[in-house]
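Engineer: Show me the folded form of this:
(one chain, ligands or ions: 1)
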Amino acid sequence: MYSDKVMEHFMNPRNVGEIENADGVGQVGNAKCGDIMKMYLKIEDETIVDVKFKTFGCGSAIASSSMATEMIKGKTISEAMNLSNKAVAQALDGLPPVKMHCSVLAEQAIKAALYDYSKKYNKTIEGLEDFNPDDDAHDHDHAEEH
Ligand code: FES
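Structural biologist: Just a heads-up that it's a prediction; the model follows:
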């Protein structure tokens, strides 16, 4: 059911924990399962220099967050904004369709943390104009869930 990569990231997740004095912290809940995820970002010169996460989500949420944090570390804010849950799932060699919603947690938590950063430092981040940090994470591609 799970790819080797999913299993590997689940057994040995990267970037788990908290960042003290993080520049952006985001927490989101998953509308589907009620699980939550917290993401911490350290940002210097528009670049994500460190990222950590904590989740009460399932194994797929752990694996996709581990992969997502690896994919945005060292990247710019706009590159991180462009990371989709599908790209994360692809990098993991796929997730079972019923588990796609778990990967949305990571994507949304990154956006929530960037939103927090933008408020804290009074910055505008393209793509976050309509972001509502109180919205639960929704999977935008319902077709994949059946
Ligand atoms: Fe909730 Fe996977 S079942 S995050």
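Engineer: so what pLDDT did the closest residue to Asp93 other than its chain neighbours get?
Structural biologist: Leaving aside its sequence neighbours, Asp93 sits nearest to Ser3 (CB to CB, 6 or more residues apart in numbering; 3.8 Å). Backbone N, C-alpha and C define where each C-beta goes, glycine included. Looking at Ser3, its pLDDT reads 97.
Engineer: Identify the residues contacting Ser3.
Structural biologist: Leu92, Asp93, Gly94 (CB atoms under 8 Å, 6 or more residues apart in numbering).
Engineer: Do a quick rundown of the strands in the chain.
Structural biologist: 24-29, 36-44, 47-55 (DSSP state E).
Engineer: a markdown table please, covering those strands and showing distance to Thr69.
Structural biologist: Converted to a markdown table, those look like this (distance: least, CB to CB, whole Å):
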| stretch | distance to Thr69 |
| --- | --- |
| strand 24-29 | 12 |
| strand 36-44 | 8 |
| strand 47-55 | 5 |
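Engineer: Include mean pLDDT, distance to the ligand and mean neighbour count when you put the ones you listed into a markdown table, please.
Structural biologist: Shown next, in a markdown table, are the strands of the chain (pLDDT from 0 to 100; distance: least, CB to the nearest ligand atom, whole Å; neighbours: other CB atoms under 10 Å):
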| stretch | mean pLDDT | distance to the ligand | mean neighbour count |
| --- | --- | --- | --- |
| strand 24-29 | 96 | 10 | 21 |
| strand 36-44 | 97 | 8 | 22 |
| strand 47-55 | 98 | 7 | 20 |
